[in-house]
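Visitor: need a 3D model of the following:
(one chain, ligands or ions: 1)
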Amino acid sequence: MIQSLKDLEEKIINKKAKIAIIGLGYVGLPVACMFAKAGFHVIGIDLKKERVNQINAGVCPIEGFEPNLPELLTEVVGQKSLITSTDYSHLADADIVLIDVETPTDHDNMPQYVALRSACTSLGKVMKDNVLIIIESTIAPGTVKQVVRPLLESEKQQRGLGNYHLGVCPERVMPGKLLVNLESMSRVCGGETEEVSKAMILLYRNIVSADLDSADIITAEITKTAENTYRDVNIAFANELALICQSIGADFLKVRELVNKSPGRNVLMAGAGVGGHCIPKDPWLLAYGAKGRVDLNLIPTARLVNDSMPLHIAKMTEKALADLKVPLSQAKIAILGYAYLEESDDTRNSPSETLIRYLQSKCAELVVHDPYVPIYQDDLSIVINGCDAIIIMVGHRVYADLNLAQIYELLRTPILIDGRRVINPEKAKNANFWYYGIGFGKNL
Ligand code: SAJ
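Guide: Sure, this is the predicted structure:
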């Protein structure tokens, strides 16, 4: 086996190794472009014919602003160092196959591996001897052992194949920074053996300038899910501290500032909820890996705290309306922000969606605005005209810069619910608003 890896390492060094990427989404596509740019012949596989056609035409299918990715894609496709297809038979002579398919969780917070299973089965039917297969998708600890390997073994036996090599190398991309993150963030190269990890490091050194750390597969599976779970738990602490401040009569922002003066403290920001493509999902993947082994409390509870924040915002809104004797059933409410993150058009797992579902059957009218989301880009002054409450759900700059005097004139009732603490409470009070902010317990 070491001989085959020695051959593979030679091919990587002289850039003769044929690299294949399964899944050309916001991870697979930039990775494919980067290896092509580094001088390798890359074949990309995706089930979506339209996406494949777009890429082969030199057009970047990824929405949102991704600096340099469209230009890089056009370049490597033009040079024919990246070719894409829907046909798995193109993988038959691949030396290295990276798997970058979606690994979502379902409504019961269980991993959904339909795409991963399909990729492994289809690959198993065509892969050649001694291929190096690397899972880049975020997977629950134990997934290679319980899902990936059994599927590949079954195909290998049916075809009388020799050996193959397995590794896990989780990505750390972020929308808006795909290329820069892939190049500048460290990665864990989890190999089934040390020799495989060594070959992985040799491969990724072609596109990653940061640390490439050798590990075993289970360590690599845990690391990625743990780093996002760590963030989720810390956001939940900030949120629960904000609820305490709000109930006792302090300002969370002031408490946070003072706590963070203490060495080694870094309280994150309380907010109207936790959305996005990874933070809400990865804790459940980590928990799934520990299922039946450890009874978890902190990790699932942190998820419940964060998922309850949109409803906390709803309760604040109901209280504000009641304080001013405005029946909720007669109220017109504006939700400002639908994306999951400030200055983003990404709406996956949007906390605003939770709030909308809760309020829309209870109030007279619900309107939504978001400068980055096409269906919510109407003029803000038109959207909020005649409202009894405006709820800031996303910290977009445009909301932090609201002209409060102008907004005041447009509202029927001047209630401002600040779910991201982007408005100064004193300024709101001076502009005659009834201000309610997440974690703001002061009586104005
Ligand atoms: N959020 C808070 N309070 C905070 C930070 C975030 O409520 O203090 C909310 C945001 O509003 C958003 C959600 O959490 O709804 C997620 O925000 P995020 O800043 O974590 O952004 P993501 O989801 O894009 O997370 C990515 C992750 N990167 C990868 O998975 C490679 C995460 O690991 C990074 O830590 C994070 O970016 C980052 O640091 O920006």
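Visitor: nearest residue to the residue in the stretch 301-444 of the chain positioned nearest to the ligand in space, please, no chain neighbours.
Guide: Residue of the stretch 301-444 of the chain nearest the ligand, by C-beta to the nearest ligand atom: Tyr340 (4.4 Å). The way it works is simple: take the backbone N, C-alpha and C, and place the C-beta from them, glycine included. Spatial nearest neighbour of Tyr340, excluding adjacent residues (C-beta to C-beta, 6 or more residues apart in numbering): Gly275 at 2.9 Å.
Visitor: phi and psi next, for that neighbour.
Guide: Dihedral angles phi and psi of Gly275 (degrees, to the nearest 10) take the values phi -120, psi -160.
Visitor: and it, how many residues sit next to it?
Guide: Other residues near Gly275 number 26, with proximity taken as other C-beta atoms under 10 Å.
Visitor: let me see the contact set for the nearest residue to Asn130 once chain neighbours are set aside.
Guide: Excluding its sequence neighbours, the residue lying closest to Asn130 (C-beta to C-beta, 6+ apart) is Ser4, at 3.8 Å. By C-beta atoms under 8 Å, 6 or more residues apart in numbering, the contact set of Ser4 is 129-130, 163, 165.
Visitor: likewise for Leu380?
Guide: Leu380 touches 336, 369, 398, counting by C-beta under 8 Å, 6+ apart.
Visitor: in the stretch 51-200 of the chain, what residue is nearest the ligand?
Guide: For the stretch 51-200 of the chain, C-beta to the nearest ligand atom, closest residue to the ligand: Arg172, 3.9 Å.
Visitor: my guess is that residue contacts Met185, does it?
Guide: Yes. Using C-beta atoms under 8 Å, Arg172 is in contact with Met185, at 4.4 Å.
Visitor: which one of those two has more residues nearby?
Guide: Arg172 (19 against 16).
Visitor: so where's the stretch 51-200 of the chain shaky on pLDDT?
Guide: In the predicted model of the stretch 51-200 of the chain, no residue satisfies pLDDT under 70.
Visitor: close to the ligand: what parts of it are there?
Guide: With C-beta under 6 Å from any ligand atom as the criterion, the stretch 51-200 of the chain meets the ligand at residues 172-174.
Visitor: tell me which of those is nearest to Tyr288?
Guide: Closest approach between those and Tyr288, by C-beta to C-beta: Arg172, at 20.6 Å.
Visitor: ok, that closest one to Leu178 distance?
Guide: Arg172 sits 11 Å away from Leu178, going by C-beta to C-beta, to the nearest Å.
Visitor: contacting residues for Asn432?
Guide: 408, 414.
Visitor: can you tell me the SS state at the residue lying closest to Asn56 once chain neighbours are set aside?
Guide: With C-beta to C-beta, 6+ apart as the criterion, Asn56 has its nearest non-adjacent residue at 5.7 Å, and that residue is Thr84. Three-state assignment for Thr84 (DSSP: H, G, I helix; E, B strand; the rest coil): strand.
Visitor: surely Thr84 touches Gly58?
Guide: No. In this structure Thr84 lies outside contact range of Gly58 using C-beta under 8 Å: 11.0 Å.
Visitor: excluding sequence neighbours, find me the nearest residue to Ile407.
Guide: Ile384 (6.6 Å).
Visitor: tell me how many other residues crowd that neighbour.
Guide: Neighbour tally, Ile384, other C-beta under 10 Å: 21.
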